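> Can you look at this prediction? I've put the sequence above it.
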Amino acid sequence: GDSVTQMEGPVTLSEEAFLTINCTYTATGYPSLFWYVQYPGEGLQLLLKATKADDKGSNKGFEATYRKETTSFHLEKGSVQVSDSAVYFCALSVSFGNEKLTFGTGTRLTIIP
Amino acid sequence: EAGVTQFPSHSVIEKGQTVTLRCDPISGHDNLYWYRRVMGKEIKFLLHFVKESKQDESGMPNNRFLAERTGGTYSTLKVQPAELEDSGVYFCASSQDRGRVQETQYFGPGTRLLVL
């Protein structure tokens, strides 16, 4: 079946550090890939997505590139801020329409000033 | 525009009791999903409604869980009787329906359920 594996946390970084959160996937079809973020006390929000190989999703300084050859979708940010502290979830959807998301376990990120 | 809302935000019940969770999707969203995150593990899909019909309920863990979406608006998820392993955070999400286009799913804040 479909699955997502992301690096286990928690991850603690200093402000302005470089961030990478690894995500790899296994899918029976051709998936769309997503990163969702959950800030404290809030619901999940879509951070970025990519729907085909070599696409790069980006938002709020975060980027992730759809790598079909390595089945990966690593999340990166060049300079993190305290406000980036949250739980980050990698996810995929294999469908032609509105189908379920398959999530990873989530990575808790804490940025210290 | 109001987002996805869920009620209650927290629920603490004893094993064997019944709990009903409610989700109000974004107005006009035909797709409604329920997900669950248990004890810091991955978020797992439970089921998917298109309007009032169950499109996919492959993730429902057992027959103690009953989901409804009468009239294609809000949805309820009832757990009866609740067991300890049902503890977790239950998320609801909704999206528009535009056929083959992968629409963004918008999530609610979740209901944190604790079964003692």
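Structure received. Numbering: from 1, shown residues only, chains lettered A, B, ... in the order given.
> Please name the residues that touch the closest residue in space to B:D56 that isn't next to it in sequence.
Ranked by Cβ to Cβ, 6 or more residues apart in numbering or on different chains and with sequence neighbours excluded, the top spatial neighbour of B:D56 is B:H48, at 4.4 Å. Where you see a C-beta, it was placed from the backbone N, CA and C, and this is true even at glycine. Each residue near B:H48 by Cβ atoms under 8 Å, 6 or more residues apart in numbering or on different chains is listed here: A:98-100, B:31-33, B:54-57.
> which one of those residues is nearest A:E69?
Closest approach to A:E69 among the contacts of B:H48 (Cβ to Cβ): A:E99, at 24.4 Å.
> tally of neighbours for B:N31?
A count of nearby residues for B:N31, using other Cβ atoms under 10 Å in any protein chain shown, gives 21.
> Kindly provide the distance from it to B:E103.
Distance from B:N31 to B:E103, counting by Cβ to Cβ, to the nearest Å: 7 Å.
> Check A:A17 too.
When distance is defined by Cβ to Cβ, A:A17 is 34 Å away from B:E103.
> Neighbour count: those two, which is higher?
Set side by side, A:A17 and B:E103 give different neighbour counts by other Cβ under 10 Å, the larger being at B:E103 (16 against 13).
> Test for you: state the pLDDT assigned to the residue nearest to B:D56.
pLDDT for B:H48: 93.
> Surely B:W34 touches B:A67?
Yes - between B:W34 and B:A67 a contact is recorded at 6.2 Å, counting by Cβ atoms under 8 Å.
> Now the common contact residues for those two.
B:46-47, B:75, B:77.
> any chance of these in a markdown table, plus neighbour count and distance to A:G1?
A markdown table is the format used below for the shared contacts of B:W34 and B:A67 (neighbours: other Cβ atoms under 10 Å in any protein chain shown; distance: Cβ to Cβ, whole Å):
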| residue | neighbour count | distance to A:G1 |
| --- | --- | --- |
| B:L46 | 21 | 16 |
| B:L47 | 21 | 17 |
| B:S75 | 23 | 25 |
| B:L77 | 24 | 23 |
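> Sounds good, over and out.
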